[in-house]
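Peer 1: build me a model from this:
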Amino acid sequence: MKIIHLLIVDDHPIIRDGLRNMLETQRIYTFKVFEAENELQAIDVVNSQPIDVVIMDFQLPDKKGHEITATLLALNANLKVLGLSNYDEYAYALDMLKAGARGYVLKNIGTKDLLAAISEIMDGKVYYSNEIANKLINHKLKQLLLEEDGNNAYKTKVQESGVPLSVREMQIVRLIAGEYTNDEIAGKLALSKRTVDNHRQNMLNKLQLRNTAGLVRYAYQHGLL
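Peer 2: Got it, this is the predicted structure:
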């Protein structure tokens, strides 16, 4: 069985001892556990040991966990980082995920769930505790509702302007104005590049414009950007 080299970064010895005990007494995986209580110690371990997984506390005295996570991943991009915290705030989890962590769990986690989290992130997946997953889902739903409201308002604006373009065409114009390429626009709108190319050319034909610069200028002049 492969030995998993795991680093625990937490400034509280009781937390490190508890996690070490959980990992070393279970019989599913074989862990070689290292410890650090701050960024410098964590850097030393990562530079000197073949670390596979890092369990990273979010609230550390010298720096936040997401800042240290970014530093460690800059040293070794193959690290799998699991955020660990007493806080179930959405913003904290998001900070860790943006920094490159593959998951986020709370300190009340049990052995079974901790092993599941480590297994998931080792397989290249992501893992959240139930509390964090619910907050992420709720936040995403709110975002989608806001986007829907925004799109409805934008649709009304386009219709009232009298501009002979569809809402989809104007979405593309906005992205063109944001300097996105056709490939990037296709990805954002879940379209094929050919469809985006066709929309762009159709807009030029409709408005009798010569190029993309003219298309963007037209949209600005009509208050659609």
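Peer 1: switch to C-alpha atoms for all contacts and neighbour counts from now on
Peer 2: Fine.
Peer 1: and stretch 68-82, C-alpha only, in CSV?
Peer 2: Extracted C-alpha coordinates of stretch 68-82, given in CSV (Å, rounded to 0.1, in the frame of the first residue of the first chain):
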residue,chain,number,x,y,z
ILE,A,68,-0.2,29.9,2.9
THR,A,69,-2.0,27.5,0.5
ALA,A,70,-1.1,29.7,-2.5
THR,A,71,2.6,29.8,-1.3
LEU,A,72,2.8,26.1,-0.9
LEU,A,73,1.2,25.4,-4.3
ALA,A,74,3.7,27.8,-5.9
LEU,A,75,6.4,25.5,-4.5
ASN,A,76,4.7,22.3,-5.5
ALA,A,77,1.7,22.4,-7.8
ASN,A,78,0.9,18.7,-7.2
LEU,A,79,0.0,19.2,-3.6
LYS,A,80,-3.6,18.4,-2.7
VAL,A,81,-4.8,20.9,0.0
LEU,A,82,-7.7,20.3,2.2
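Peer 1: could I get the full set of strands for this protein?
Peer 2: 3-9, 30-36, 53-57, 80-85, 103-106, 127-128 (DSSP state E).
Peer 1: give me the mean pLDDT for the shortest one.
Peer 2: On average, the pLDDT along strand 127-128 is 84.
Peer 1: partners of it, with directions?
Peer 2: Sheet pairing of strand 127-128 (DSSP bridges) gives strand 103-106 (parallel).
Peer 1: Glu39: what's it in contact with?
Peer 2: Taking C-alpha atoms under 8 Å, 6 or more residues apart in numbering, we find Glu39 in contact with Asp62, Lys63, Ile68.
Peer 1: just give me the neighbour total for the last one.
Peer 2: This points to Ile68. The local packing of Ile68 (other C-alpha atoms under 10 Å) involves 24 other residues.
Peer 1: and it, how far from Val196?
Peer 2: Per C-alpha to C-alpha, to the nearest Å, Ile68 is found 41 Å from Val196.
Peer 1: got it, and Ile14?
Peer 2: Using C-alpha to C-alpha, Ile14 is found at 57 Å from Val196.
Peer 1: which secondary structure element of this protein has the lowest mean pLDDT?
Peer 2: Here the helix or strand of the chain ranked lowest by mean pLDDT, DSSP states H and E is helix 130-161, holding a mean of 53.
Peer 1: which residue ranges form the helices in this protein?
Peer 2: For the chain, applying DSSP state H gives helices covering 13-25, 39-48, 65-75, 90-99, 111-122, 130-161, 167-177, 182-189, 193-207, 212-221.
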